[in-house]
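Participant: Sequence first, then the predicted structure:
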Amino acid sequence: MDGRRNPRELCQNCGWTTGNALSSGYTSRVKIIHTHGNAAIWELSPEGPWMLRDEPNEPNCFWSNDYITQQLIKRLELNVPLIEMHKFGGPDDKFHFILMSRAKGSRMDEAWDTLTQQQKIDVKESLDDCIKEYRQIARQQM
Ligand SMILES: [Zn+2]
(Lines give C-alpha, C1' and ligand atoms only; values in the text may rest on other atoms or scores of the structure.)
Protein backbone atom coordinates (compact mmCIF):
# COMPACT_ATOMS: atom_id res chain seq x y z
CA MET A 1 0.00 0.00 0.00
CA ASP A 2 2.93 2.35 0.66
CA GLY A 3 3.80 2.10 -3.04
CA ARG A 4 0.45 3.73 -3.85
CA ARG A 5 0.57 6.55 -1.28
CA ASN A 6 4.23 7.31 -1.84
CA PRO A 7 4.87 6.08 -5.35
CA ARG A 8 8.46 5.32 -6.21
CA GLU A 9 9.67 5.58 -9.79
CA LEU A 10 10.51 2.14 -11.17
CA CYS A 11 11.60 3.17 -14.68
CA GLN A 12 13.50 6.34 -15.52
CA ASN A 13 12.65 5.99 -19.22
CA CYS A 14 8.87 5.94 -19.01
CA GLY A 15 8.20 7.23 -15.49
CA TRP A 16 6.41 4.02 -14.43
CA THR A 17 5.91 4.08 -10.66
CA THR A 18 4.92 1.67 -7.92
CA GLY A 19 1.59 3.56 -7.93
CA ASN A 20 1.04 2.66 -11.59
CA ALA A 21 2.01 -0.95 -10.97
CA LEU A 22 -0.31 -1.36 -7.97
CA SER A 23 -3.35 0.52 -9.31
CA SER A 24 -3.65 -0.69 -12.90
CA GLY A 25 -3.51 -3.79 -15.04
CA TYR A 26 -1.73 -1.88 -17.74
CA THR A 27 1.23 -3.39 -19.55
CA SER A 28 2.92 -1.06 -22.01
CA ARG A 29 3.01 -2.13 -25.63
CA VAL A 30 5.71 0.52 -26.19
CA LYS A 31 9.21 -0.87 -25.56
CA ILE A 32 12.77 0.24 -26.25
CA ILE A 33 14.35 -2.04 -28.86
CA HIS A 34 17.57 -0.15 -29.61
CA THR A 35 19.67 2.58 -28.03
CA HIS A 36 22.58 4.60 -29.34
CA GLY A 37 24.17 7.42 -27.35
CA ASN A 38 21.34 9.66 -26.17
CA ALA A 39 18.87 8.21 -28.68
CA ALA A 40 16.53 5.24 -28.72
CA ILE A 41 14.07 3.42 -30.93
CA TRP A 42 10.78 2.45 -29.31
CA GLU A 43 8.69 -0.33 -30.76
CA LEU A 44 5.02 0.80 -30.67
CA SER A 45 3.71 -2.76 -30.36
CA PRO A 46 5.50 -6.13 -30.31
CA GLU A 47 6.68 -6.80 -33.88
CA GLY A 48 4.16 -4.13 -35.02
CA PRO A 49 4.45 -1.98 -38.14
CA TRP A 50 5.55 1.28 -36.42
CA MET A 51 8.51 2.43 -34.35
CA LEU A 52 9.37 5.80 -32.78
CA ARG A 53 12.90 7.15 -32.89
CA ASP A 54 13.65 9.59 -30.03
CA GLU A 55 16.86 11.53 -30.63
CA PRO A 56 18.58 14.80 -29.70
CA ASN A 57 18.39 17.52 -32.35
CA GLU A 58 22.01 17.29 -33.44
CA PRO A 59 22.67 17.92 -37.15
CA ASN A 60 25.84 15.82 -37.03
CA CYS A 61 24.09 12.78 -35.55
CA PHE A 62 24.24 9.98 -38.14
CA TRP A 63 20.63 9.08 -37.42
CA SER A 64 19.61 12.62 -38.44
CA ASN A 65 21.54 12.13 -41.67
CA ASP A 66 19.60 8.92 -42.20
CA TYR A 67 16.31 10.89 -42.28
CA ILE A 68 17.76 13.55 -44.62
CA THR A 69 19.15 10.83 -46.92
CA GLN A 70 15.76 9.10 -47.05
CA GLN A 71 14.09 12.40 -48.02
CA LEU A 72 16.67 12.98 -50.77
CA ILE A 73 16.23 9.46 -52.20
CA LYS A 74 12.45 9.95 -52.19
CA ARG A 75 12.70 13.37 -53.89
CA LEU A 76 15.05 12.03 -56.58
CA GLU A 77 12.70 9.06 -57.12
CA LEU A 78 15.57 6.56 -57.05
CA ASN A 79 14.81 2.87 -57.29
CA VAL A 80 15.80 2.16 -53.69
CA PRO A 81 13.37 0.59 -51.21
CA LEU A 82 12.53 2.95 -48.34
CA ILE A 83 10.63 2.76 -45.12
CA GLU A 84 8.05 5.42 -44.26
CA MET A 85 9.32 8.23 -41.97
CA HIS A 86 7.47 11.18 -40.40
CA LYS A 87 9.58 13.66 -38.45
CA PHE A 88 8.24 15.71 -35.54
CA GLY A 89 10.25 18.63 -34.18
CA GLY A 90 11.59 21.91 -35.48
CA PRO A 91 15.11 23.29 -35.90
CA ASP A 92 15.07 24.89 -32.41
CA ASP A 93 13.64 21.89 -30.56
CA LYS A 94 15.97 20.05 -28.22
CA PHE A 95 14.75 16.63 -29.42
CA HIS A 96 13.24 15.15 -32.58
CA PHE A 97 10.85 12.26 -32.88
CA ILE A 98 10.59 10.19 -36.03
CA LEU A 99 7.70 7.81 -36.56
CA MET A 100 9.02 5.14 -38.89
CA SER A 101 7.61 2.00 -40.42
CA ARG A 102 9.28 -1.32 -39.83
CA ALA A 103 10.88 -2.79 -42.95
CA LYS A 104 9.01 -5.92 -44.00
CA GLY A 105 10.76 -9.25 -44.27
CA SER A 106 13.52 -10.94 -42.33
CA ARG A 107 16.73 -9.47 -40.98
CA MET A 108 19.58 -10.31 -43.30
CA ASP A 109 21.87 -11.46 -40.48
CA GLU A 110 19.19 -13.94 -39.38
CA ALA A 111 18.20 -15.13 -42.87
CA TRP A 112 21.64 -15.33 -44.53
CA ASP A 113 22.49 -18.91 -43.50
CA THR A 114 19.10 -20.16 -44.79
CA LEU A 115 19.57 -18.72 -48.32
CA THR A 116 20.66 -20.75 -51.33
CA GLN A 117 23.78 -19.69 -53.23
CA GLN A 118 21.57 -18.18 -55.98
CA GLN A 119 19.53 -16.19 -53.41
CA LYS A 120 22.77 -14.81 -51.93
CA ILE A 121 23.84 -13.75 -55.43
CA ASP A 122 20.43 -12.09 -55.96
CA VAL A 123 20.81 -10.17 -52.67
CA LYS A 124 24.29 -9.05 -53.68
CA GLU A 125 22.99 -7.84 -57.08
CA SER A 126 20.13 -5.93 -55.42
CA LEU A 127 22.60 -4.23 -53.08
CA ASP A 128 24.89 -3.47 -56.04
CA ASP A 129 21.94 -1.76 -57.79
CA CYS A 130 21.19 0.34 -54.67
CA ILE A 131 24.85 1.37 -54.37
CA LYS A 132 24.91 2.38 -58.06
CA GLU A 133 21.84 4.57 -57.39
CA TYR A 134 23.59 6.14 -54.35
CA ARG A 135 26.68 6.85 -56.46
CA GLN A 136 24.52 8.66 -59.02
CA ILE A 137 23.41 10.98 -56.21
CA ALA A 138 27.03 11.60 -55.21
CA ARG A 139 27.96 12.46 -58.82
CA GLN A 140 24.95 14.81 -59.16
CA GLN A 141 25.89 16.61 -55.91
CA MET A 142 29.51 17.28 -57.01
ZN1 LIG B 1 9.75 1.99 -18.51
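Facilitator: The structure has been received and is ready for your questions.

Participant: burial count for the closest residue in space to C130 that isn't next to it in sequence?
Facilitator: Spatial nearest neighbour of C130, chain neighbours left out: V80 (5.1 Å); criterion: CB to CB, 6 or more residues apart in numbering. Quick note: C-beta positions are derived from backbone N, CA and C, even for glycine. Number of residues near V80 (other CB atoms under 10 Å) recorded here: 18.

Participant: any idea of the pLDDT on V80?
Facilitator: Listed pLDDT for V80 reads 82.

Participant: elements contacting the least confident helix or strand in the chain by mean pLDDT?
Facilitator: Every helix and strand of the chain was ranked by mean pLDDT, DSSP states H and E. The lowest is helix 2-5, at a mean of 78. Judged by 3 or more CB pairs under 8 Å, 6 or more residues apart in numbering; DSSP states H and E, helix 2-5 is in contact with helix 18-23.

Participant: What residues of the helix it packs on count as buried?
Facilitator: T18, G19, N20, A21 (16 or more other CB atoms under 10 Å).

Participant: and if you look at stretch 34-52?
Facilitator: Using 16+ other CB under 10 Å as the test for burial, stretch 34-52 gives A39, I41, W42, E43, M51, L52.
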